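Student: coords please:
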Amino acid sequence: MQNNKVLVVDDDAHIAELIKLYFEKEGFTVATASNGREAVEKFKSESPAIIILDVMMPEMDGWDVCREIRKTSNVPIIMLTAKGETFDKVLGLELGADDYMVKPFETKELIARVKAVLRRSDTKDADAAKEINYNNLSINLSNYELKINGKITEIPPKELELLFFLASNPNRVFTREQLLEEVWGFDYFGDSRTVDVHIKRLREKLENVEDANWQLKTVWGVGYKFEVR
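Tutor: Next up, the predicted model:
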């Protein structure tokens with residue numbers, strides 16, 4: 001986990017210090033805030049990986065803090081409250097909270113939930129990194145799906161991988177040899193014309209894309225690039 005900073009927001013200094021102590025034992029870095037306004041400031045300055053957010057606080061309550069943070073960020077948030085009504089749980093989740101715990105709670109359970117939420121967040125980030133979107137073009141390497149003009153288009157795996165690689169590096173020119181190495185792998189000993197064939201097939205699939213501000217372009221004497229205008 002690259003960022004392991006936890007922001008703990010609670011106006012009860014004893015609870016905040018207890019959470020801080022347990023999380024630091026687990027190897028987390030912990031920042032604390034004692035009210036809602038300080039929480040928003042600390043969120044901006046500390047860039048935490050996750051926020052543990054009490055609901056009932058002075059100046060700004062947890063609901064308002066959650067609303068404010070969700071205007072600019074999808075950072076995971078776990079809400080804490082002494083209230084256990086269903087309404088509170090639903091409201092927290094509707095505002096964008098990722099999980100919810102009712103006081104009193106076991107610190108070990110809170111740590112387990114934080115780790116679970118961070119794992120889900122890491123997975124979503126990884127999946128997002130495997131999807132690229134341009135005008136009327138969506139290339140998803142997680143499920144090997146290509147959408148053109150919003151419709152799924154059948155495509156062989158290597159063609160999709162080639163398109164994904166080029167689209168991941170817009171306006172950069174690659175030789176056929178570089179594309180063979182990057183897409184087919186170091187152990188591929190085939191003819192470089194393999195790339196030409198795959199590019200030709202991709203162009204046939206992409207020729208009717210509406211309002212495209214991009215194109216697969218041949219750079220004569222060099223290779224190919226995914227040009228974005």
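Student: checking my notes, residue 209 in a helix, right?
Tutor: No: per DSSP: H, G, I helix; E, B strand; the rest coil, residue 209 lies outside any helix segment and is coil.
Student: residue contacts, it?
Tutor: Residues near residue 209 by C-beta atoms under 8 Å, 6 or more residues apart in numbering: 135-137, 148-149. (C-beta placed from N, C-alpha, C; glycine too.)
Student: run the last query once more with 7 Å
Tutor: Applying C-beta atoms under 7 Å, 6 or more residues apart in numbering to residue 209 gives the contacts 136-137, 148-149.
Student: do residue 173 as well
Tutor: Residue 173 neighbours (C-beta under 7 Å, 6+ apart): 219, 222-223, 225.
Student: just those residues: which are in strands?
Tutor: 219, 223, 225 (DSSP state E).
Student: filter those residues down to the buried ones and express that as a ChimeraX selection.
Tutor: The buried subset of the ones in strands among the contacts of residue 173, as determined by 16 or more other C-beta atoms under 10 Å, is captured in ChimeraX by this line:
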select :223,225
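Student: quickly find the element holding the closest residue to residue 17 other than its chain neighbours.
Tutor: Leaving aside its sequence neighbours, residue 17 sits nearest to residue 32 (C-beta to C-beta, 6 or more residues apart in numbering; 7.8 Å). Secondary structure from DSSP states H and E places residue 32 in strand 29-33.
Student: then residue 78?
Tutor: Secondary structure from DSSP H and E places residue 78 in strand 77-81.
Student: what comes up buried for that strand?
Tutor: Here strand 77-81 shows 77-81 as buried, counting by 16+ other C-beta under 10 Å.
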